[in-house]
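Colleague: give the three-dimensional model of this entry:
(one chain, ligands or ions: 1)
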Amino acid sequence: MNSLPIGIFDSGVGGLTVLKAVRQRLPRERVIYLGDTARVPYGTKSRGTIERYAIEDAAFLIEKGVKMIVVACNTASAMARETLRRDFNIPFLTVLGPGARAAARVTRTGRIGVIATEATIGSGAYERAIREACQGAGSGKEVEIFSRACPLFVPLVEEGETDSQVARLVAEQYLAPLRKREIDTLVLGCTHYPLLKSVIGETMGESVRLIDSAEAVAEETAQLLEQGGCLATSEEPNEGRFYVTDAAERFHRIAERILGAPLEHLEAVEVWGHDRLHTT
Ligand code: DGL
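Modeller: Residues are numbered from 1 along each chain as shown. Have a look, this model is predicted:
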């Protein structure tokens, strides 16, 4: 069990922000990444479709023999978390909880912004998770949450447009209303958004703390494996394997830029049809 890989999936390159943090925190773990690049974006789709995609992604990783799955996609976390936990007998960690808990810890004024995909914002999952986290922390702090969907951020990142004039214009358009709300904390509620961190930071100004849940997710991954006695014991740093459902060359180019290292193994695969039949 200990030597089995960790599975991580997202609709595209966004989850690589989580993979990077997981590899830094757990350098001995083998990691398998699936980017569903044929069907990105997830965030503009309906719950039923996102659930189906998430089931197929998880089933694919389970067939590869992973010991746990990190759902490195807030949209799939918000829409399919219960379904995944019901259908598969394997530990799942989703990105939503760690991000909400980090925001609850960091805010001083209780005025928190959340930016995410349309599906994630529409689900209200972040608002619920942040309120729960604030209550759990027993701070008694009044929170006000201001949410905004930023659908164009995902295609910008998938195109590698993370530090361009176009990105700045789009950020200004989406974030100006949030600036007026005088928030002190902004949750980057989509794993693609940390790749636009410098543009988002410039637009919001220095007084706003940006929450990127990747490190918190890596820490919770380590805790989950440790509690289950499933941490890798090998002395050698392990390699990653990367799978995409389309446009492998583009993924390759952008992924190497994000990770700052060459990809060891990249393969284009089909996940369609991996479904409930594969339920463990
Ligand atoms: N990166 C994903 C998320 O965290 C999905 C973005 C998308 O495919 O729309 O929500």
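Colleague: what distance do you get for Arg241 to Arg257?
Modeller: 19 Å (CB to CB, to the nearest Å). C-beta here means a position set from N, CA and C on the backbone, and glycine is covered the same way.
Colleague: oops, could you answer that again for Ser234 instead?
Modeller: 28 Å.
Colleague: can you pull out the strands in the protein?
Modeller: All strands of the chain, identified by DSSP state E, fall at 6-10, 31-35, 68-71, 92-94, 111-116, 144-149, 185-188, 209-211, 240-244, 266-268.
Colleague: counting contacts, what elements does the last one pack onto?
Modeller: In this structure, strand 266-268 packs against strand 240-244, helix 248-259, with contacts taken as 3 or more CB pairs under 8 Å, 6 or more residues apart in numbering; DSSP states H and E.
Colleague: now swap in the first one and tell me
Modeller: Using 3+ CB pairs under 8 Å, 6+ apart as the contact definition, the elements that strand 6-10 packs against are helix 16-25, strand 31-35, helix 47-63, strand 68-71.
Colleague: redo that, cut-off 6 Å
Modeller: strand 31-35, strand 68-71 (3 or more CB pairs under 6 Å, 6 or more residues apart in numbering; DSSP states H and E).
Colleague: kindly export the shortest one (C-alpha atoms) in CSV.
Modeller: Extracted C-alpha coordinates of strand 68-71, given in CSV (Å, rounded to 0.1, in the frame of the first residue of the first chain):
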residue,chain,number,x,y,z
MET,A,68,-5.9,8.0,-2.4
ILE,A,69,-7.2,10.7,-4.7
VAL,A,70,-6.8,14.5,-4.4
VAL,A,71,-9.6,16.2,-6.2
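Colleague: strand partners of that strand, parallel vs antiparallel please.
Modeller: Applying DSSP bridges, strand 68-71 is found paired with strand 6-10 (parallel), strand 92-94 (parallel).
Colleague: which residues touch it?
Modeller: For strand 68-71, the external contacting residues (CB atoms under 6 Å, 6 or more residues apart in numbering) are Ile6, Gly7, Ile8, Ala58, Leu61, Ser77, Pro91, Phe92, Leu93, Thr94, Thr221.
Colleague: picking up where we left off before, which of Arg241 and Arg257 has more residues huddled nearby?
Modeller: Arg241 (17 against 13; other CB atoms under 10 Å).
Colleague: identify the bridge partners of that one.
Modeller: Ile32.
Colleague: how far does stretch 115-128 sit from its chain's centre?
Modeller: On the basis of CA atoms, centre = their mean, to the nearest Å, stretch 115-128 sits 13 Å off its chain's mean C-alpha point.
Colleague: deepest of the strands paired with strand 68-71, which one?
Modeller: strand 6-10 (a mean of 28; mean count of other CB atoms under 10 Å).
Colleague: can you give me the buried ones in stretch 69-87?
Modeller: Of all the residues in stretch 69-87, those buried under the rule 16 or more other CB atoms under 10 Å are 69-81, 83-84, 87.
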